[in-house]
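Quick check, what structure comes out for this input:
(one chain, ligands or ions: 2)
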Amino acid sequence: MKIALLGYGKMGKTIEEIAVNRGHEIVLKLEDDIDNFELDKMDIDVAIDFSIPKAAFKNITTCFKSDIPVVCGTTGWLDDYEKAIELCKKENSAFIYASNFSVGVNLFFELNRKLAKIMNGMSDYAVEIEEIHHTEKQDAPSGTAISLAQQIIAENDQKNNWQLDHAEADEIPIKAKRIENVPGTHTVSYASEIDTIEIMHTAKSRQGFALGAVVAAEWIKGKKGVFSMKDVLSDQLK
Ligand SMILES: NC(=O)C1=CN([C@@H]2O[C@H](COP(=O)(O)OP(=O)(O)OC[C@H]3O[C@@H](n4cnc5c(N)ncnc54)[C@H](OP(=O)(O)O)[C@@H]3O)[C@@H](O)[C@H]2O)C=CC1
Ligand SMILES: O=C(O)C1=N[C@H](C(=O)O)C[C@H](O)C1
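Numbering: from 1, shown residues only. Ligands and ions are numbered 1, 2, ... in the order given. Below is the predicted model of the structure:
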């Protein structure tokens, strides 16, 4: 498969290593404006975007116009997500966005949904999310923490929104910490006067995120439509 890497930083380089090991070829390593390239003249099967929040929307929608399927892991651009979906459908292209591509985090998401269902109505327990990432991260809270919050909100009758740091009674507080070299740690806790129930996912490296993105790229090749990591992992997450 011929892959265009939109973003060639920490994730782009880890994805390259895994993709090449799985027999794929990297035909583009984009580090600046996508308009500098004539995508129509290039032979690209799938584009994988791990760039920066302010570049993601343009990168993704430029690929749609050239009928190149896109796997996007960039976080912090989701105000434009619905617009991207519309454009994908209009151009009859293919798209997967995931706040986190690692299989472990997608299992953690399932656990989070189940725990949220159990804890709904347990008014003695206060829910909180904490995320810890490296100091170079541009966005806060992390995309994964937002996904966790949205999953809880879908199950919890008392919570309608999330808030960074100080939350109102109907909001889930998210604490974002930045510590050098941490690849990504997420904790969901329910604390009462008596005890605390906690679930936690700790990434030991970027390998899981990158492998998941390459697997998603292999899966989306030749498909049309808007998908999620749940579709990619449907056999494992039954
Ligand atoms: N969904 C998931 O599983 C995961 C998501 N992420 C997300 O992926 C994104 C990238 O993370 P990471 O690799 O750690 O970040 P890096 O900062 O290491 O890499 C981003 C790269 O994008 C480059 N860039 C800048 N402008 C553009 C542009 N217009 N088009 C393409 N590339 C551009 C930057 O170049 P320069 O440095 O020259 O500006 C940099 O090399 C982040 O949003 C992060 O949150 C990260 C890990 C997992
Ligand atoms: O920026 C990162 O590094 C990561 N970003 C993603 C996020 O915002 O959730 C996923 C992972 O935690 C690493």
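
what residue ranges in the chain score low on pLDDT?
Along the chain, the model assigns pLDDT under 70 to no residue.

one more time with 90, if that's ok
Across the chain, the ranges flagged by pLDDT under 90 are 166, 235-238.

can you map out the strands along it?
Listed from the start of the chain, the chain has strands (DSSP state E) covering 2-6, 25-30, 46-49, 70-72, 94-97, 126-133, 161-164, 171-178, 185-191, 196-202, 225-227.

What count of nearby residues applies to the residue of the chain found nearest ligand 1?
Distances from the chain to ligand 1, computed as Cβ to the nearest ligand atom, single out residue 9 as the nearest residue at 1.9 Å. The way it works is simple: take the backbone N, C-alpha and C, and place the C-beta from them, glycine included. Residues near residue 9, counting by other Cβ atoms under 10 Å, number 13.

Not counting residues beside it along the chain, what's closest to the spatially most central residue of the chain?
The geometric centre of the chain, computed from its C-alpha atoms, lies nearest to residue 99 (Cα atoms, centre = their mean), at 1.3 Å. Closest residue to residue 99 apart from its sequence neighbours, by Cβ to Cβ, 6 or more residues apart in numbering: residue 143 at 3.2 Å.

Quick check, the one you found in contact with residue 76.
Yes - taking contacts as Cβ atoms under 8 Å, residue 143 lies within contact range of residue 76: 7.0 Å.

Residue numbers of the chain in contact with ligand 1?
If contacts are counted using Cβ under 6 Å from any ligand atom, the residues of the chain sitting beside ligand 1 are 6-12, 30-33, 50-52, 55, 59, 73-76, 98-101, 136, 209.

Not including adjacent chain positions, what is the nearest residue to residue 57?
Excluding the flanking residues, the one nearest residue 57 by Cβ to Cβ, 6+ apart is residue 80, at 4.4 Å.

for the residue sitting furthest away from the middle of the chain, what are its contacts?
Relative to the mean C-alpha coordinate of the chain, counting by Cα atoms, centre = their mean, the farthest residue is residue 194 (34.4 Å). With contacts defined as Cβ atoms under 8 Å, 6 or more residues apart in numbering, the neighbours of residue 194 are residue 124.

measure it to residue 115 for me?
According to Cβ to Cβ, to the nearest Å, residue 194 and residue 115 sit 18 Å apart.

How about residue 202?
Relative to residue 115, residue 202 is positioned 17 Å away (criterion: Cβ to Cβ).

Have a look at the two and say which one is more surrounded.
Neighbours per residue (other Cβ under 10 Å) separate residue 202 from residue 115, with residue 115 holding more: 19 against 13.

Quick check: that one touching residue 188?
Yes - taking Cβ under 8 Å as the definition, residue 115 is a contact partner of residue 188 at 7.1 Å.
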